[in-house]
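Participant: structure, please.
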Amino acid sequence: MPTLQVKHYSVSCVQFRSVGAQNGYVTIALDDPRISAIIYFFRDLWSPADIGEFHDGRIVACHATDADFDRYYELLKTEKPLYFSWEVVDSSTQLRWFALGSSVEPVGEGPRDLSP
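Facilitator: A predicted model of the protein is given here:
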């Protein structure tokens, strides 16, 4: 299970005519410059099991619903440091899971960031 720190990100919104087409995506630059993560947001996933792939050992391409976009975007805007983790299904390129989350922070921190 690799876990890398998020260095920066970019957000794009895309609209296609076809049903279920890509609505937008977030590109995440990680601590290791050889690996990038992209979270694609769709109106409908083709299959709940299809959450993404690890391409060529360099790109973690994740799939989520557009209903999840605000949650990921809020984490990217407000948390620091932030980490991205993923796990690949044995002997394949398919993702078992992916996660975006913060590090240990003080309880009751409130709107001001008091993390070290």
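
Participant: only C-alpha atoms from now on, for both contacts and neighbour counts.
Facilitator: OK.

Participant: can you give me the helices in this protein?
Facilitator: With DSSP state H as the criterion, the chain has helices at 69-78.

Participant: please enumerate the strands of it.
Facilitator: Shown for the chain, the strands assigned by DSSP state E span residues 3-13, 22-30, 36-42, 52-55, 59-65, 82-88, 95-102.

Participant: buried stuff in the shortest one?
Facilitator: When you say that, I think you mean strand 52-55. 52-54 (16 or more other CA atoms under 10 Å).

Participant: may I ask which helix or strand of this structure has the lowest mean pLDDT?
Facilitator: The weakest-scoring helix or strand in the chain, judged by mean pLDDT, DSSP states H and E, is strand 22-30 (a mean of 72).

Participant: of all the strands of the chain, which one is nearest Arg71?
Facilitator: Evaluated with CA to CA, these place strand 95-102 nearest to Arg71, the distance being 10.0 Å.

Participant: got the contact list for that closest one?
Facilitator: 50-54, 62, 72, 75, 79-89 (CA atoms under 8 Å, 6 or more residues apart in numbering).

Participant: how about stretch 29-46?
Facilitator: 4-9, 19-28, 57-69, 84.

Participant: show me the contacts for Trp86.
Facilitator: 1-3, 95-99.

Participant: could you turn the buried ones of those residues into a ChimeraX selection?
Facilitator: The buried subset of the contacts of Trp86, as determined by 16+ other CA under 10 Å, is captured in ChimeraX by this line:
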select :95,96,97,98
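
Participant: narrow the contacts of strand 95-102 to those that are buried.
Facilitator: Buried among the contacts of strand 95-102 by 16+ other CA under 10 Å: 51-54, 62, 80-88.

Participant: could you give the bridge partners of Gly52?
Facilitator: Bridge pairing for Gly52 (DSSP bridges) gives the partners Cys62.

Participant: roughly how far does it sit from Thr78?
Facilitator: 25 Å (CA to CA, to the nearest Å).

Participant: next one: the residue positioned nearest the centre of the chain from Val26, what distance?
Facilitator: Centroid-nearest residue in the chain, with CA atoms, centre = their mean: Ile39, separated by 4.7 Å. Distance of Ile39 to Val26, computed by CA to CA: 5 Å.
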